[in-house]
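Asks: no sequence for this one, just the structure:
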């Protein structure tokens, strides 16, 4: 008996989650909901996904564009076991009551506050906490990236304190209205909200985050400086720990990956133009006594996609533990096993 | 008996041509040649393509990176019926003698001068001229885009004169060393070389081109103003002519495709992160008496890929005409039939 | 007796016009009006300009920031002979009635429709038409650039037809909220509105314009192709005509000005970080029979500034003709005489 | 008796230092040396600076461009008491021997290694160490920015440890050949070289630096996290210490300065399109117990200019201490006194 999954919102995250759900052996995609017709609505149809009209949208507008409509978002919700809410930030909170009224479980994204759900989730970090839950929040792209790294570091080496500077992409590739075109914008919340958000998963982690916004669309980059409580004698065991963990991809110097442009080129070459793993560089990690420095690049568009899938599996007890769920998810999404 | 195709050079164009060759029912990919190891060399291995060491490259460097080497570029050439030369501009000319000495046919790219080959080629425009040829040059991305449009306009409506302003992308997505970051650079050759290059295919076309370079990596955009000799009474027949021709993709206003960022988003959604068709907009084409105005966007990385495939087919008489070859090529590459 | 000039709106254009007015021997700056305090309001104070509270603004907000307020915009208007309206697009139209009610003359910017004023103005093109007028509209930056070039070409060589492709900067340098960051956006009005706007000054000019928006903040670039009715035998007389006209700056090849970044660097070096002249390149102009091709770069922030000054002079008969007014304006603004 | 100063190299730094020297009451600008003619060479002439031919340059090339040449760089050096070497990185080292052979003192820029000079210099930090010296190195823009902040923090509050993440601009505004256009490039030296470079001035400072390169031309931004040894009870005294120190400019929230674009707009409005001060934001500084977080923006083109002037004054004992020299420099360059 497959879990029936609906995706409410068909933007950057929603369309990727829908594609991912459609590939899972233990899930059925009920459909996707969108407010207005556009080229990506047409893609939903081309993929064979039933298309429902969301929020303030009009059935006529879709039909005028030649896009068949399967029904309203309410109908979609009622036909589902769980809704992945991929609506714009803060709209998810408004939707929460409707899901509950319909007796349907829900997954929210990181743009919503933690209070919207019973648990904030990252597969590697706290899969078990989501087992059987009704409402789960998959943390944001940056928090997901940090939570994965925190899983590796806290387990293997201990973290005494950790500073992360987030170099944030200013817009997604197709968000043509957002700037800046030339300039750097500090995020004036000091420290930034990312640290507290990580602590929704790692309550005791001594992490401090700061952020700036820069004119690029590809990926975020995190500059990390962590002091380890149980540092190895050299960097190799740390690098090996990342290499041996799912959803980390480590580039070697000979691969000539200078930065985020080549990372995304690698992703395109791989046949999925997304990079769902944390990206590290072997020569972008250094251990100096207890002080660990490393860069990681985070693809804002896709990194949370496998996490949404694992969250569904936890909520419906489709897999007993993170390792089992992640292995299925990664295989279906074309992500490799850990490189060692 | 399949035609044995080698690809010399495994950069932006070479890797795409190799992928395309590997999908053809009437061709075999002998292998690809690359000078230095890098992440994309690894991709060649992952795809199962034999990897040969090109030019001044060292076998040791590849093997140190764990990349198995199939042999030298000379060995690859000798095992082939035809080499697609995708080396950097001007290197193709140096290679030409080697191919000839080995008795192997060759395809060159548009960065080489027309003299390198017997014919400059565009499938839609002059497929028949390449039948049985030894050396064919596939014209550059911008010239390919114009040649396709010229095929439609000259055949259907006649062109009295035609001005094209090319807004050129300054770098490919992974070329991190190229600028400008903020500014517009005129191309001081007036008119630009693109007009004469189009005339290697349409010798009598009264076309004039000018160009500027702008800080984007995604696509070129052509701004066209053509005076037609046999204009229809309104724009619909022109739009229909483009819609009814392979390798044109026309966006409608309701699709909300503001510019090149959404075009490439559409391409990613389609599952091939490339846009091998000329892209037009229904609301970006206007006929005013005999004066036709239209925009077209050209994906510099991929538009010539199907043309390379068709050129091979013409050279080896694998298909009798353009329509037959293009239908096979487009189907294997995931491009749809004409939309009407 | 100096003309009393007020500037309503203290953004990109307003602050430059205020500075320019303050330098004129025959004008007095009554003050500037701004809605909200910000760093540039402080600059107004530092320059000694009386600061008035515009539109929905609050005196308290300015005073809380330590910025002394001279009064309301209504008070400023009443103390003036003429108001230069540099409010955001379309707000000027709303203001027009207030100026008229106060019996004060007004200058509007090109973001307003032509109907807002008695005449659309460019100093070189139609100074005389603004003599003694009550309401004058200084055309937009792009239209100003074209109108200047049209003055030179129509007078000296005749224009049979003229195509301009405008490569538009997407945002001003400090507009951090505007994109796109990476991409080209066609302007889907075909032809664009610039041609008709030029005809508010040159009613019979056979000009056609098209436009795209690109991710840069520095300048617009126009790509021109004009067919001349009285072409000289080579390009030299055309270049000389531009060189001999005020508000044109022509770069020579040895100056190594590749594009707009070096143009603005030149401007900074000159000590005014603005480029109020049309910028041409000697090697970016070519005559081919009757066909003239040339690039020109237009600084969107400042090119209309001297035109506003000349418009005031025409309205109040402070100078009998364009040449007299432009000479005063250019000298006070640090612009050189024509280079030959 | 004024000190005779020559400037060898007339690029981004050289031209600004020349302008600054020309404004000093106790210095004479002997001239500037440049290799090739270009628009900025012409500016040197316009400013009345004698122009000498540097390195591999040709007098003929300058004269063909109509630029009068005063002599060779050797002649310029011999006529000087001190040369400010503003040649490209690493060329300064080659020049050092020539200056010494000519018996002339020299100032080098931060692109040279510390060994090129007797002392690495920052006015606020170690003016006295340069008194009477023959060869002084003004540290790079980023190091200058950090050294200034270190002067304030070490003196007032003590620094236990300090992490700086440098978000570096990829190119200067007129460097049209440098990328990336869209992407973030980590600097793989971990920690980066900036920390050790700061220790050429503050040998005992426990500072660690990391860096990324981003697609902007305006300014660098430093993200700082310092643990203070003598923290005040709230942030006010720290902000006041910065406000009370020359060459710091602190923006308040009401000024609406979102990031580097508005900072440079502020600079343009001020009449010098440069920002020679460290830029901080009152709302971009926070003290949390002993942990101080703050952003600072650093204008790579101009921040070292006043430092070069002060270095000359120290070398020739023209001012007894930093405060005296800096006051003269700042006044002549149009920089205000400390804001409190």
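Replies: Yep, that arrived. Keep in mind that this is a model prediction, so the values were computed, not measured.
Asks: from memory residue A:65 sits against residue B:254, does it?
Replies: Yes - using C-beta atoms under 8 Å, residue A:65 is in contact with residue B:254, at 4.5 Å. Backbone N, C-alpha and C define where each C-beta goes, glycine included.
Asks: ranges for the strands of the stretch 1-150 of chain A?
Replies: Remark: strands assigned in the stretch 1-150 of chain A by DSSP state E, counting those that start in this stretch are A:3-8, A:27-34, A:51-53, A:71-72, A:82-85, A:105-108, A:119-121, A:135-138.
Asks: so which of those strands is the most surrounded?
Replies: Of these, the one with the most neighbours on average (mean count of other C-beta atoms under 10 Å in any protein chain shown) is strand A:82-85, at a mean of 28.
Asks: what average pLDDT does that one get?
Replies: For strand A:82-85, mean pLDDT rounds to 98.
Asks: and what of stretch A:238-254?
Replies: Rounded mean pLDDT across stretch A:238-254 is 97.
Asks: and the end-to-end length of it?
Replies: Stretch A:238-254 has an end-to-end distance of 20 Å (C-alpha to C-alpha, to the nearest Å).
Asks: same question, stretch A:109-123
Replies: Note: stretch A:109-123 ends 14 Å apart using C-alpha to C-alpha.
Asks: run the chain-centre distance for it.
Replies: Offset of stretch A:109-123 from its chain centre (C-alpha atoms, centre = their mean, to the nearest Å): 12 Å.
Asks: same check on stretch A:87-96?
Replies: For stretch A:87-96, the distance to the chain centre is 17 Å (C-alpha atoms, centre = their mean).
Asks: could you do stretch A:140-157 as well?
Replies: Counting by C-alpha atoms, centre = their mean, stretch A:140-157 comes out at 13 Å from the chain centroid.
Asks: if I look at the residue of chain A positioned farthest from its centre, how far off is chain B?
Replies: Relative to the centre of chain A, the most outlying C-alpha is that of residue A:64, 34.0 Å out, by C-alpha atoms, centre = their mean. As for residue A:64, its distance to chain B is 7 Å (criterion: C-beta to the nearest C-beta, to the nearest Å).
Asks: got it, and residue A:131?
Replies: Taking C-beta to the nearest C-beta, one finds residue A:131 at 34 Å from chain B.
Asks: got the phi/psi numbers for the residue nearest to that residue when sequence neighbours are not counted?
Replies: Residue nearest to residue A:131 in three dimensions, not counting chain neighbours: residue A:314, with 5.2 Å by C-beta to C-beta, 6 or more residues apart in numbering or on different chains. Torsion angles at residue A:314 (phi, psi; degrees, to the nearest 10) stand at phi -70, psi -50.
Asks: now for residue A:274, how many residues are close by?
Replies: Residue A:274: 21 surrounding residues under other C-beta atoms under 10 Å in any protein chain shown.
Asks: tell me what the lengthiest helix in chain A is packed against?
Replies: Ranked by residue count, the top helix of chain A under DSSP state H comes out as helix A:141-156. Applying 3 or more C-beta pairs under 8 Å, 6 or more residues apart in numbering or on different chains; DSSP states H and E, one finds that helix A:141-156 makes contact with helix A:123-126, strand A:159-169, helix A:194-198, strand A:207-214, strand A:220-228, helix A:236-243, strand A:278-288, strand A:291-298.
Asks: among the ones you listed, which is nearest residue C:265?
Replies: Nearest to residue C:265 among the helices and strands packed on helix A:141-156 is strand A:207-214 (22.8 Å), distances taken as C-beta to C-beta.
Asks: who does that closest one touch, helix- and strand-wise?
Replies: helix A:141-156, strand A:159-169, strand A:185-186, helix A:194-198, strand D:159-169, strand D:220-228, strand D:291-298.
Asks: tell me the buried residues in the longest one?
Replies: In other words, helix A:141-156. A:141-154, A:156 (16 or more other C-beta atoms under 10 Å in any protein chain shown).
Asks: between those, which is closest to residue B:114?
Replies: residue A:141 (48.5 Å).
Asks: check contacts around the closest one.
Replies: A:110, A:220, A:298, A:299, A:300, A:301, A:303, A:304 (C-beta atoms under 8 Å, 6 or more residues apart in numbering or on different chains).
Asks: give me the neighbour count for the fourth one.
Replies: Same thing as residue A:299. Applying other C-beta under 10 Å, I find that residue A:299 has 25 neighbouring residues.
Asks: need the phi and psi values for it.
Replies: Torsion angles, degrees, to the nearest 10, at residue A:299: phi -80, psi 100.
Asks: does it touch residue A:272 like I think?
Replies: No - the pair residue A:299 and residue A:272 does not pass the contact test of C-beta under 8 Å, sitting 10.7 Å apart.
Asks: and the pLDDT for residue A:42?
Replies: Per the predicted model, pLDDT is 89 at residue A:42.
Asks: residues in contact with the residue lying closest to it once chain neighbours are set aside?
Replies: Computed as C-beta to C-beta, 6+ apart, the closest residue to residue A:42 that is not its neighbour in sequence is residue A:67, at 6.3 Å. Each residue near residue A:67 by C-beta under 8 Å, 6+ apart is listed here: A:37, A:41, A:42, A:45, A:51.
Asks: would you list the phi and psi of residue A:103?
Replies: phi 70, psi 30.
Asks: give me the neighbour count for it.
Replies: Residue A:103: 10 neighbours (other C-beta under 10 Å).
Asks: cool, and residue A:89?
Replies: Going by other C-beta under 10 Å, the residues that sit close to residue A:89 add up to 12.
Asks: and the stretch 101-250 of chain A, which residues reach chain B?
Replies: The stretch 101-250 of chain A comes close to chain B at residues A:173, A:174, A:175, A:176, A:181, A:182, A:217, as judged by C-beta under 8 Å from any C-beta of the partner chain.
Asks: tell me which of those is nearest to residue D:162?
Replies: Nearest to residue D:162 among those is residue A:182, at 29.1 Å by C-beta to C-beta.
Asks: distance of residue A:101 from residue B:88?
Replies: Distance, residue A:101 to residue B:88, by C-beta to C-beta, to the nearest Å: 62 Å.
Asks: check residue A:78 too.
Replies: Residue A:78 is 59 Å from residue B:88, by C-beta to C-beta.
Asks: with residue A:3 instead?
Replies: 52 Å.
Asks: again, but for residue A:293
Replies: 36 Å.
Asks: who has more neighbours out of those two?
Replies: Counted by other C-beta under 10 Å, residue A:293 and residue B:88 do not tie: residue A:293 has more neighbours, with 20 against 12.
Asks: tell me where the model's unsure across chain A.
Replies: Across chain A, residues meeting the criterion (pLDDT under 70) sit at A:339-340.
Asks: center of it - which residue?
Replies: Note: chain A centre (C-alpha atoms, centre = their mean) maps to residue A:304, 1.2 Å.
Asks: residue B:271 versus that one, what's the distance?
Replies: From residue A:304 to residue B:271 the distance is 20 Å (C-beta to C-beta).
Asks: in space, what's closest to residue A:145 - neighbours in sequence excluded?
Replies: Closest to residue A:145 by C-beta to C-beta, 6+ apart is residue A:298, at 3.9 Å.
Asks: neighbours of that neighbour, how many?
Replies: 28.
Asks: and the gap between the residue lying closest to residue A:259 once chain neighbours are set aside and residue A:286?
Replies: Closest residue to residue A:259 apart from its sequence neighbours, by C-beta to C-beta, 6+ apart: residue D:185 at 3.5 Å. Per C-beta to C-beta, residue D:185 is found 17 Å from residue A:286.
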